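*Asks:* Below: sequence and its predicted model.
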Amino acid sequence: MLEQQIERWPASPLTAAVTGSEVTAGALDPRPRQAPPATLARIAFELDTADPFDFIDIAHQHGSSFFAWQRGATGPGWIALGSLWQCPTTGPEGFERAQSFCSRIQEQAFGDESGPLLVGGFPFSPQSAVPHGLYVPQLVISRDESGRTRICFHRVVRSKSQLYEQIQELRSNYRKILERLGRPSLQPTQDRLHDSPVLDESYQSWCRRVQDARQAIVRGNLDKVVLARSVGHLAPGGFDPAATARRLRSNHPRAVTFAMSLPHTADRLAFVGATPEPLVEVDRHRVATRAIAGTLPRGASPADDDAQAQRLLQSPKDRHEHQLVVDMLARRLGETCTSIHISPTAVLRLPRVMHLQAHLVGHQPNPGGVIDWVRRLHPSPAVGGWPSREATDYLAAHEPLDRGPYAAPIGWVDADGSGQFFVAIRSALLQGNRATAYAGAGIVAASDPDAEWRETQHKLGSVADALVPATTTELLG
């Protein structure tokens, strides 16, 4: 009986993972701690198969926190909804605050329930004016590759009796909660965006910036710097983040597709994208990352595409740009890992462009610590430049836009400190009637301004293809 299992639990703070009628519990670390002063219970139930992206609509329209994430077109995915506790990550002490916040939460959330315990991200620059944060969601709906779907509630409890009450209440009402969350909106009547992008920067201004960066590299101040630019797309009724995320997922079947709200914004700011680039993936002792750099457009035919891939592999400029990323990541992993494996350089083919890529995998002596790895690896030379400090200083002084979450780490952390953070490229910020799409290009001494402009055009096009204007139709009911 459930009541008998709860009565046998120790008197120290508890967490529970519940699946149907099965309950497991674990005693928390009794070491002294401050906030949060209560225990975090994780209470989970099996569901019929559901698409986590179906819950984006109602969260966005009601102004609730949400973060949807799916790996590949048919891979595992989840959506985190609501917020129990938050930690801002903007500012010079963002990583330190996040590490302390995660440690406190993890101390109070033991148990067998796996998956995201904290979700969110960091800004590209600590000085960003766009708010960012990590938070403990109120619930997470997840689906694995087989279609098995679960809903996990996070609840604050202070006693065994309160935990029992929460379990009984959720067991009786979780399907009603799910029905309220899942009332679908009508499908958008406008299938595709038809607009003329608003250039936030002219071609001439871009060329001058590339030339200035090349001169800084020739002077020896930098080896590489990644310049970003943005374009705006306008729709009278704004943009639909759920429909846009679904289209991104369909268009980019090998990427991680995401849609997330940004904290403390009154105008329902949403950020969507489909990124191929992991910053770091930590699975206890295993630390994995990937070096991605160098770009060419896809070929018009299979033969042309293969020829393009060979040009990319044989390009001195692109090989140099890519090797800078490999060297930096290997150096960072080598500071902690006892062994590192680096795969041969290969070509990553995406819908519009192709890149050079290499996988790096290390073994660390202590498990977890994904937030510390994010701190050490961000920004990689693939999105910032090299040397890192000099490149970020150069961007702070010369880049005319606030990247906000673009090219920044976004992801999740589990109860053991493992997790995944990806670099938020191929992305757009949805705000009011405007969608701002971003793209960057790595500049080295051999870079050509016009070629770099065309590269960013291809990348921006992959985002524009997925933007879906919203309708004025409200949720049914």
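*Replies:* Received, thanks.

*Asks:* Report the mean per-residue pLDDT for the helix ranked longest in the chain.
*Replies:* Scanning the chain for the longest helix, with DSSP state H as the assignment, gives helix 160-181. Helix 160-181 carries an average pLDDT of 83.

*Asks:* buried sites along it?
*Replies:* Under the neighbour-count criterion of 16 or more other CB atoms under 10 Å, helix 160-181 has 160, 163-164, 166-167, 170, 174, 178, 181 buried. The way it works is simple: take the backbone N, C-alpha and C, and place the C-beta from them, glycine included.

*Asks:* now stretch 212-222
*Replies:* 213-214, 216-217, 222.

*Asks:* follow-up on the earlier one: could you single out the nearest of the buried residues of helix 160-181 to residue 120?
*Replies:* Nearest to residue 120 out of the buried residues of helix 160-181 is residue 181 (CB to CB; 20.1 Å).

*Asks:* wait, what's in contact with that closest one?
*Replies:* 55, 58-59, 81 (CB atoms under 8 Å, 6 or more residues apart in numbering).

*Asks:* bridging residues for residue 141?
*Replies:* Counting by DSSP bridges, residue 141 is bridged to residue 79, residue 151.

*Asks:* biggest separation within the buried residues of helix 160-181, which pair?
*Replies:* The widest separation within the buried residues of helix 160-181 (CB to CB) is 28.7 Å, between 160 and 181.

*Asks:* ok so, going back, among the buried residues of stretch 212-222, which ones are in helices?
*Replies:* Per DSSP H, the subset of the buried residues of stretch 212-222 in helices is 213-214, 216-217.

*Asks:* Residue 249 is in contact with residue 69, correct?
*Replies:* No - under the criterion of CB atoms under 8 Å, residue 69 lies out of contact with residue 249, with a separation of 10.5 Å.

*Asks:* which residues are common contacts for the two?
*Replies:* If you check residue 69 and residue 249 against CB under 8 Å, 6+ apart, the residues they both contact are residue 257.

*Asks:* Identify the residue nearest residue 201 in space, chain neighbours excluded?
*Replies:* Spatial nearest neighbour of residue 201, excluding adjacent residues (CB to CB, 6 or more residues apart in numbering): residue 229 at 5.0 Å.

*Asks:* Does that neighbour touch residue 459 like I think?
*Replies:* No - if you go by CB under 8 Å, residue 229 and residue 459 don't touch, sitting 10.0 Å apart.

*Asks:* Give me the more crowded residue out of the two.
*Replies:* residue 229 (25 against 22; other CB atoms under 10 Å).

*Asks:* What are the buried residues along the strand or helix carrying the more buried one?
*Replies:* Assessed by DSSP states H and E, residue 229 sits inside strand 224-234. For strand 224-234, a neighbour-count test (16+ other CB under 10 Å) marks 224-234 as buried.

*Asks:* which residues of the stretch 301-450 of the chain fall in helices?
*Replies:* 302-314, 316-334, 370-377, 388-398, 449-464 (DSSP state H, counting those that start in this stretch).

*Asks:* Any regions of the stretch 151-300 of the chain where pLDDT drops low?
*Replies:* 182-195, 264-267 (pLDDT under 70).

*Asks:* Recalculate using a threshold of 80.
*Replies:* By pLDDT under 80, the low-scoring segments of the stretch 151-300 of the chain are 175, 177-196, 263-268.

*Asks:* Touching, residue 406 and residue 262? I think so.
*Replies:* No - if you go by CB under 8 Å, residue 406 and residue 262 don't touch, sitting 11.9 Å apart.

*Asks:* who's more crowded, these two?
*Replies:* More neighbours surround residue 406 than the other of residue 406 and residue 262, with 28 against 22 (other CB under 10 Å).

*Asks:* Not including adjacent chain positions, what is the nearest residue to that one?
*Replies:* Excluding its sequence neighbours, the residue lying closest to residue 406 (CB to CB, 6+ apart) is residue 438, at 4.0 Å.

*Asks:* Over to residue 240?
*Replies:* residue 470 (4.2 Å).

*Asks:* which ones are touching that neighbour?
*Replies:* 188, 235, 237-240, 243.

*Asks:* What does it show for phi and psi?
*Replies:* For residue 470, the backbone dihedrals (degrees, to the nearest 10) come out as phi -80, psi 160.

*Asks:* And it, how close does it get to residue 438?
*Replies:* The spacing between residue 470 and residue 438, counted by CB to CB, to the nearest Å, is 21 Å.

*Asks:* for residue 389, same thing?
*Replies:* In terms of CB to CB, residue 389 sits 23 Å off from residue 438.

*Asks:* Over to residue 452?
*Replies:* Counting by CB to CB - residue 452 and residue 438 are separated by 15 Å.

*Asks:* The two: which has the busier surroundings?
*Replies:* residue 438 (27 against 22).

*Asks:* Pretty sure that one sits against residue 427.
*Replies:* Yes - assessed by CB under 8 Å, residue 438 is found in contact with residue 427 at 6.0 Å.

*Asks:* what's near enough to touch residue 389?
*Replies:* Residue 389 touches nothing, counting by CB under 8 Å, 6+ apart.

*Asks:* before we move on, the earlier item: widest-spaced pair of the contacts of residue 181?
*Replies:* Greatest spatial distance among the contacts of residue 181 (CB to CB): 58 and 81, at 9.0 Å.
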